[in-house]
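*Asks:* Okay, predicted coordinates and the sequence, questions at the end:
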Amino acid sequence: MSDHTTVNPQITDAVTQSNVKVMGEAPAMAMGSIYQSLAHSTGLLFENAVAAQQQQAILAQAATNVGVMQLYGMSAAEAGKIAQSDVPDNLLSLLAALRAATGPITASPVDLAAAPAAKPAESGPAA
């Protein structure tokens, strides 16, 4: 047994308007979600790029330190052999100039790393 009761037209109109509003806002909400996801992904991309650059800078510094330690640990005969090799190197000419200006280096790389830094020379009174 079904009762056929009529519903107030204002109620059906309110429900219809609410449904239309939800359906109308759905594309905008979906696009907002997509844009938010895109912004987050882009942020992660740049974070990863910065981290990779930092790691590359650390590796470059470590490689430079190892190269300098090897150059300082090299004897004059070894440096002469390398200087006369087929491929001239600017770093070897710089090392030769450094050794000529400072004299022979007798300390090991470990001693050089542990030595305190020299104080800069004090300048005299201004003329």
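*Replies:* Cool, got the structure. Only a predicted model underlies this, so the values are computations on that prediction, with no experimental measurement involved. Numbering: from 1, shown residues only.

*Asks:* Which secondary structure elements does the longest helix that the chain contains sit against?
*Replies:* When the chain is parsed with DSSP state H, its longest helix is helix 9-72. Applying 3 or more CB pairs under 8 Å, 6 or more residues apart in numbering; DSSP states H and E, we find helix 9-72 packed against helix 90-102, helix 109-114. (Glycine included, C-beta is placed from N, CA and C.)

*Asks:* mean pLDDT lowest for which of those helices?
*Replies:* Lowest mean pLDDT within the helices and strands packed on helix 9-72: helix 109-114, a mean of 52.

*Asks:* element containing Thr5, please.
*Replies:* Assigned by DSSP states H and E, Thr5 belongs to no helix or strand.

*Asks:* What distance do you get for it to Val15?
*Replies:* Distance of Thr5 to Val15, computed by CB to CB, to the nearest Å: 16 Å.

*Asks:* Please say which of the two ends up with more neighbours.
*Replies:* Val15 (11 against 5; other CB atoms under 10 Å).

*Asks:* can you pull the contacts of that one?
*Replies:* With contact set as CB atoms under 8 Å, 6 or more residues apart in numbering, Val15 has no partners.
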